[in-house]
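Chemist: Quick one, fold the following:
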Amino acid sequence: MHDIDLIEVKDKLGDKGLFKISRFKKVIKKTKPHTHEGYYEVIYLKEGEGFHWIESTRYQVNTPECYILKPGMMHCWEFTDIPDGYVILFKLEYLDPIMETALIEIINQMGTTTRVPVDKDLSLEHLFEELIKTYDNRGKHSDLIIHSLLKIIYAKISVHIELSNASPVRPANLNDKFINLLNEKCPELRSVNDYAKMLNTSPQNLNAACRKYSGKSAGDLLAEKLLVIAKRYVLHTDNNMSEIAHVLRFNDASYFVKFFRKYTGVTPLQFRFQNFR
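Modeler: The predicted structure follows:
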């Protein structure tokens, strides 16, 4: 067996960093598939052409638009024209759990939404520009301004989500927290019991919450996340099935192939062929 081609995990904030904003690099390039280590990424793209892979979905860039990436999500770019925009990186620890509950609630409400069209909203660009100027030229009240602008940006993106019907907006719940934890811990953790323990609840309560808000059991959601990661490796690496099975912690390749075919109707190799990049 050759060395397994792993999806890179990036940590652009480092051990001590909690927040960063920068301008999008104005270069035409194809980036390598990667995930993020424990931080959120908010992208405002005002110019550019090409494609943006998020997990197994290939979006055609259609500016202006925003992308909301949660910890553990895989993405990569295939630009064909020079991009322009802004990138915000932050960890939840950056937010005050008491004073900024409204912002945390908005973040959780966004669920699985990743791409948000923001056509004809020039105010968003102005907010990002003001945020980066404040970040680059910090003074006495900069932290207060940064937190306020971040809250406004998320609120405006949430409005666009509602307008585009991209996802339902509702109070965050145990189901949402479970999904967020899946993004961070799967496939390291493969048991619903383990997730329930981390969420300080019982497997029964977790299942009840998942069925109420998603119509699926916690086990079904766990399987769906495993499938997302499986598709990630089938599409974006040249690993064979034994190697992918090892990454996803299946006992053997045949079990992995059966799992994949159960949920997709095709084998991993057939899926790779159908989506050959």
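
Chemist: What segments of this structure are helices?
Modeler: Per DSSP state H, the chain carries helices over the ranges 101-109, 122-136, 142-164, 174-185, 192-198, 203-214, 218-236, 241-247, 253-264, 268-274.

Chemist: Make CSV out of those helices and add distance to residue 71, mean pLDDT and mean neighbour count.
Modeler: Where you see a C-beta, it was placed from the backbone N, CA and C, and this is true even at glycine. Below are these laid out as CSV (distance: least, Cβ to Cβ, whole Å; pLDDT from 0 to 100; neighbours: other Cβ atoms under 10 Å):
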stretch, distance to residue 71, mean pLDDT, mean neighbour count
helix 101-109, 11, 86, 16
helix 122-136, 21, 95, 16
helix 142-164, 16, 92, 17
helix 174-185, 5, 87, 19
helix 192-198, 14, 95, 16
helix 203-214, 20, 91, 17
helix 218-236, 13, 94, 20
helix 241-247, 18, 95, 19
helix 253-264, 24, 95, 16
helix 268-274, 25, 92, 16
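
Chemist: Pop the domain breakdown of the chain in here.
Modeler: The chain breaks down into these domains under automatic domain parsing: 8-164, 174-274.

Chemist: quick revisit: with respect to residue 15, which of the helices of the chain lies nearest?
Modeler: Checking these against residue 15 by Cβ to Cβ gives helix 174-185 as the closest, at 16.7 Å.

Chemist: which strands and helices sit next to the closest one?
Modeler: Under the contact criterion of 3 or more Cβ pairs under 8 Å, 6 or more residues apart in numbering; DSSP states H and E, helix 174-185 touches helix 101-109, helix 192-198, helix 203-214, helix 218-236.

Chemist: So which residues of the stretch 1-150 of the chain form strands?
Modeler: Secondary structure of the stretch 1-150 of the chain (DSSP state E, counting those that start in this stretch): strands located at 8-10, 19-23, 34-36, 40-54, 57-60, 65-69, 75-90, 115-117.

Chemist: so what strands line up beside the fifth one?
Modeler: The sheet places strand 57-60 alongside strand 40-54 (antiparallel), with pairing taken from DSSP bridges.

Chemist: Looking at the strands of the stretch 1-150 of the chain, spot the one closest to residue 224.
Modeler: Across the strands of the stretch 1-150 of the chain, closest to residue 224 is strand 57-60 (Cβ to Cβ), at 14.0 Å.

Chemist: now the closest one: mean pLDDT?
Modeler: For strand 57-60, the mean pLDDT works out to 92.

Chemist: Which residues does it contact?
Modeler: Contacts to strand 57-60, defined as Cβ atoms under 8 Å, 6 or more residues apart in numbering, come from residues 50-53, 114-115.

Chemist: change it to 7 Å
Modeler: The contact list for strand 57-60 (Cβ atoms under 7 Å, 6 or more residues apart in numbering) reads 51-52, 115.

Chemist: try stretch 126-137
Modeler: Stretch 126-137 is contacted from outside by 21, 23, 44, 86, 142, 145-146, 149, 152-153, using Cβ under 7 Å, 6+ apart.

Chemist: how about a cut-off of 8 Å?
Modeler: Here stretch 126-137 makes contact (Cβ under 8 Å, 6+ apart) with 19-23, 44, 85-86, 88, 142, 145-146, 149-150, 152-153, 156.

Chemist: Make a markdown table out of the helices of the chain and add distance to residue 81.
Modeler: Listed next are the helices of the chain as a markdown table, based on distance: least, Cβ to Cβ, whole Å:
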| stretch | distance to residue 81 |
| --- | --- |
| helix 101-109 | 31 |
| helix 122-136 | 18 |
| helix 142-164 | 23 |
| helix 174-185 | 31 |
| helix 192-198 | 42 |
| helix 203-214 | 38 |
| helix 218-236 | 23 |
| helix 241-247 | 34 |
| helix 253-264 | 33 |
| helix 268-274 | 28 |
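
Chemist: picking that back up, most neighbours per residue, which of the strands of the stretch 1-150 of the chain?
Modeler: Among those, strand 65-69 has the highest mean neighbour count (mean count of other Cβ atoms under 10 Å), at a mean of 22.
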